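**Student:** predicted coordinates and the sequence they were generated for:
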Amino acid sequence: MTLNKLRNIGIAAHIDAGKTTVTERILFFTGTTRKMGEVHDGQATMDFMKQEQERGITIASAAITCSWKDYQINLIDTPGHVDFTVEVERSLRVIDGMIAVFCAVGGVEPQSETVWNQADRYRVPRIAFVNKMDRTGADYFAVVDQMNKYLDANAFPFHIPIGEEDTFNGICDIIGRKAYLFNETDRIETEIPEEYKARCEEARAKLVEKVAEFNDDIMALYFDEKDVPSELLKTAARDATLKLLITPVFSGAAYKNKGVQLLLDAVIDYLPSPVDVGAVVGIDPDDSEKTHTCHPSPTEPFSGLAFKLIHDPFVGQQTFTRIFSGTLKSGMQVFNSTKGKYERIGRILKIRAKEREEVSEAGPGDIVALIGMKFTKTGDTLCSEEHKMLLESIHIPPAVIELKIAPAKRADQAKLGEALAKLANEDPSFHIRYDDETEESVISGMGELHLEIIIDRLKHEFKVDAVVGEPAVAFRETITQEVESNYKHAKQSGGKGQFAQTVLRLEPNEGKGYEFSDKIKGGAIPIEYIPSVNKGIQKTLERGLLAGYPIVDVKVVLLDGNFHPVDSSDMAFQTCGSICFRHGFMKANPILLEPVMKVEVNTPDEYIGDIVSNLNRRRGKIEAMRRYRKGAQKVLCFVPLMEMFGYATQLRNLSSGRANYSMEFFEYQALPKGIQEEVLKKVREK
């Protein structure tokens, strides 16, 4: 097979637009599967995870190979839910072209915008498929208008549907000037019905006018008012699509098998092969000023990008890799330029969803699963030893939600740790950390559904039951007024006693952490014991006094003291310093500090009022509001972390899923008195 006859494509869309059904029909019509799987009965080929079948949604992107008219198509079905956005992100990084599926009723939905912007980031050429044309409320032209209005897509209809809703029974192809009528199993090619001819010619004229801007031959015919032959128009439209100048739009109803073969023809006609995409450029790992170029040819040096890890119970870890250039053979040694380590390729598998076919070698454009990789993670570049290069990695969005997690049985602690590490390995948007202060394991991810799936997988795949709860906020303690404290430590217990006396002044030290200053005059305390006082105080800082949280922003001045020539010691002054500090701290009006986050919300104009009032209810301080694109605004504000739990879900509800936000730590601020009392009460109850 020549590289010109290969298509690496992804299918992406908003949740419920029908991506997986479109994929199932493609697999059926290309002869890859004999039976059509359905999402609603949990039988879809591509949704083979238990959690996908239960919920009827796609969670993990699945790769599969099929062929159509002597062309090989590598197809990746991606999730539509915003919690699994990293799956779309990594798929878009390795595909050459994309089918964006839109629901004929729902049109451009929030996640369609997100996916479209992700495809823009990687400059992926795309065609659009308006699905569910047989549904009540279907409106093909409204969807094309929305694509132009909200996505700036330069969308042009290449199909005109014959009928809509329950009368949808055919499609007019405006380029070939043919019509296709559908019955239960077949499609019949025929002339365009009279009542659709004018509309088809009008749509064709608009397309000709657009592509004439980029094609001189069509420009000449356009000015001479001559007819443009179908093949010439198709070639020019393909060029414009590959350069991201237009988006061809097709129509159909995948569930009823209408329009799927025409969509497959469109994939071959308008989406790029690895040759069209051309050379990949990577930077030299040793010199970031230098770049290397690799062309999609089997004779060039090998380069590839690992874009996904799956832990398979039968074959171990599979590393999904897109090969950009050269030939990869099993047993070959390659260089992981991201990690700076060598890897030995074990087995090479071509994937047909759940089925695997072992091959001895793979070439440019192939998407394969590699077995036996030790160091390679998502986004790592693999290359030949002689021609080292680093390819653009994969953008991983920051996690937005955290949960505490612990094993249901104490004996499962190690098992839980191993399982979480494997899941974090597979999914770069999932993180685990151990919070020393609260002595809890905390997991973080892209949303509540994301973490719910993780916990479900722990139970079913790794056989670990986990207990999850709300994460604890890591507060801090400090003082608000200056005090002096005097303490004499004297213990006599037969033999050598303990004696030390210190006089300390405690001062608030906002934003500067802990400071210790020695103002001892005339040797009231011998110089060797002064560090002991400081050491005793620092031990107390770690454990906290008000509620067990670390103490910050306190300045301690050692003013005076006393010692005994026999009974004073390092230990005596450590103990004395610690107790003297405690007494002073409790008199200095101690308070709790809470972490405050810097939050940025991006929202369409119509939701701004609800979003701002919701932030105010969460004790947020609005800092600035500015327009960042037409019809949308950015809100910058500071909100306490304890008020941000559950915000991701609420923001989605407030904005029909169209707003998004990011947050990062800003500073610690005093906790309001009423809330402090509640926190202290909970700590005492514990």
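**Tutor:** Nice, I can see it.

**Student:** list the helices and strands the longest strand belonging to the chain packs on?
**Tutor:** If you go by DSSP state E, the chain has its longest strand at strand 591-604. Strand 591-604 is packed against strand 476-478, helix 608-617, strand 632-640, strand 660-670, helix 673-685, with contacts defined by 3 or more CB pairs under 8 Å, 6 or more residues apart in numbering; DSSP states H and E. (C-beta placed from N, C-alpha, C; glycine too.)

**Student:** that strand: which residues count as buried?
**Tutor:** Buried residues in strand 591-604, counted by 16 or more other CB atoms under 10 Å: 591-597, 599-604.

**Student:** now the angle from that strand to strand 660-670?
**Tutor:** Angle, strand 591-604 to strand 660-670, by axes from the mean of the first three to the mean of the last three CA atoms, to 10 degrees: 160 degrees.

**Student:** just checking: what are the partner strands of strand 591-604?
**Tutor:** strand 476-478 (antiparallel), strand 632-640 (antiparallel), strand 660-670 (antiparallel) (DSSP bridges).

**Student:** please identify the most buried of those.
**Tutor:** Of the strands paired with strand 591-604, the one with the most neighbours on average (mean count of other CB atoms under 10 Å) is strand 476-478, at a mean of 21.

**Student:** tell me what the helix or strand that that strand is followed by is packed against?
**Tutor:** Using DSSP states H and E, the helix or strand that follows strand 476-478 towards the C-terminus is strand 483-491. The contact analysis (3+ CB pairs under 8 Å, 6+ apart) places strand 483-491 against strand 498-508, helix 570-587.

**Student:** partners of strand 483-491, with directions?
**Tutor:** Checking strand 483-491 against DSSP bridges gives partners strand 498-508 (antiparallel).

**Student:** so what touches the helix or strand following the partner strand?
**Tutor:** Moving toward the C-terminus from strand 498-508, the first helix or strand encountered (DSSP H and E) is strand 515-518. Contact with strand 515-518 is made by 509, 530, 534, 537, 554-558, as judged by CB atoms under 8 Å, 6 or more residues apart in numbering.

**Student:** how about 7 Å then?
**Tutor:** 509, 530, 534, 537, 555-558 (CB atoms under 7 Å, 6 or more residues apart in numbering).

**Student:** could I get those as CSV with neighbour count?
**Tutor:** Shown next, in CSV, are those (neighbours: other CB atoms under 10 Å):
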residue, neighbour count
509, 16
530, 18
534, 17
537, 26
555, 18
556, 25
557, 16
558, 22
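
**Student:** now for the residues you listed, which pair is the farthest apart?
**Tutor:** The largest separation in those, counting by CB to CB, is between 509 and 530 at 19.3 Å.

**Student:** the closest residue in space to residue 301 that isn't next to it in sequence: what secondary structure?
**Tutor:** With sequence-adjacent residues excluded and distances taken as CB to CB, 6 or more residues apart in numbering, residue 301 is closest to residue 387, at 3.4 Å. Per DSSP: H, G, I helix; E, B strand; the rest coil, the local secondary structure of residue 387 is coil.

**Student:** before we move on, the earlier item: dump the helices and strands packed on strand 483-491 into a markdown table; add mean pLDDT as well.
**Tutor:** Formatted as a markdown table, the helices and strands packed on strand 483-491 follow (pLDDT from 0 to 100):
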| stretch | mean pLDDT |
| --- | --- |
| strand 498-508 | 94 |
| helix 570-587 | 95 |
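
**Student:** adding distance to residue 65, write the ones you listed out as CSV.
**Tutor:** CSV is the format used below for the helices and strands packed on strand 483-491 (distance: least, CB to CB, whole Å):
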stretch, distance to residue 65
strand 498-508, 67
helix 570-587, 68
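
**Student:** export the ones you listed as a markdown table, with columns for mean neighbour count and distance to residue 255.
**Tutor:** Below are the helices and strands packed on strand 483-491 laid out as a markdown table (neighbours: other CB atoms under 10 Å; distance: least, CB to CB, whole Å):
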| stretch | mean neighbour count | distance to residue 255 |
| --- | --- | --- |
| strand 498-508 | 22 | 68 |
| helix 570-587 | 21 | 69 |
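
**Student:** nearest to residue 666, of those?
**Tutor:** strand 498-508 (20.2 Å).

**Student:** can you count the residues close to residue 673?
**Tutor:** 9 (other CB atoms under 10 Å).

**Student:** I'd like the numbering to begin with 48 instead of 1 from here.
**Tutor:** Understood, numbering begins at 48; the last thing we discussed is residue 720.

**Student:** let me know the pLDDT of it.
**Tutor:** pLDDT for residue 720: 91.

**Student:** returning to that earlier point: compare the helices and strands packed on strand 638-651 and give me the one nearest residue 255.
**Tutor:** Comparing the helices and strands packed on strand 638-651 by CB to CB, strand 679-687 comes nearest, at 34.0 Å.

**Student:** so what touches the helix or strand residue 228 falls within?
**Tutor:** Residue 228 belongs to strand 225-229 when assigned by DSSP H and E. The contact list for strand 225-229 (CB under 7 Å, 6+ apart) reads 209, 216-219, 234-240, 305, 309.

**Student:** wait, residue 501 sits on residue 477?
**Tutor:** Yes. With contact defined as CB atoms under 7 Å, residue 501 reaches residue 477; the gap is 6.2 Å.

**Student:** overlap in contacts, the two.
**Tutor:** 470, 490, 492.

**Student:** just give the number of residues close to the first one.
**Tutor:** When neighbours are counted by other CB under 10 Å, residue 470 registers 20.

**Student:** what's the distance between it and residue 364?
**Tutor:** Distance of residue 470 to residue 364, given as CB to CB, to the nearest Å: 12 Å.

**Student:** residue 171 too?
**Tutor:** Taking CB to CB, one finds residue 171 at 28 Å from residue 364.

**Student:** try residue 194
**Tutor:** 40 Å.

**Student:** the two: which is more packed in?
**Tutor:** The neighbour comparison of residue 194 against residue 364 (other CB under 10 Å) goes to residue 194, with 24 against 18.

**Student:** what strand or helix carries that one?
**Tutor:** Per DSSP H and E: helix 187-197 holds residue 194.

**Student:** buried residues in that helix?
**Tutor:** Residues of helix 187-197 classed as buried: 187, 190-191, 193-194, 197 (neighbour count, 16+ other CB under 10 Å).

**Student:** cool, and stretch 269-289?
**Tutor:** So for stretch 269-289, counting by 16+ other CB under 10 Å, buried means 269, 275, 280-289.

**Student:** lovely, talk soon.
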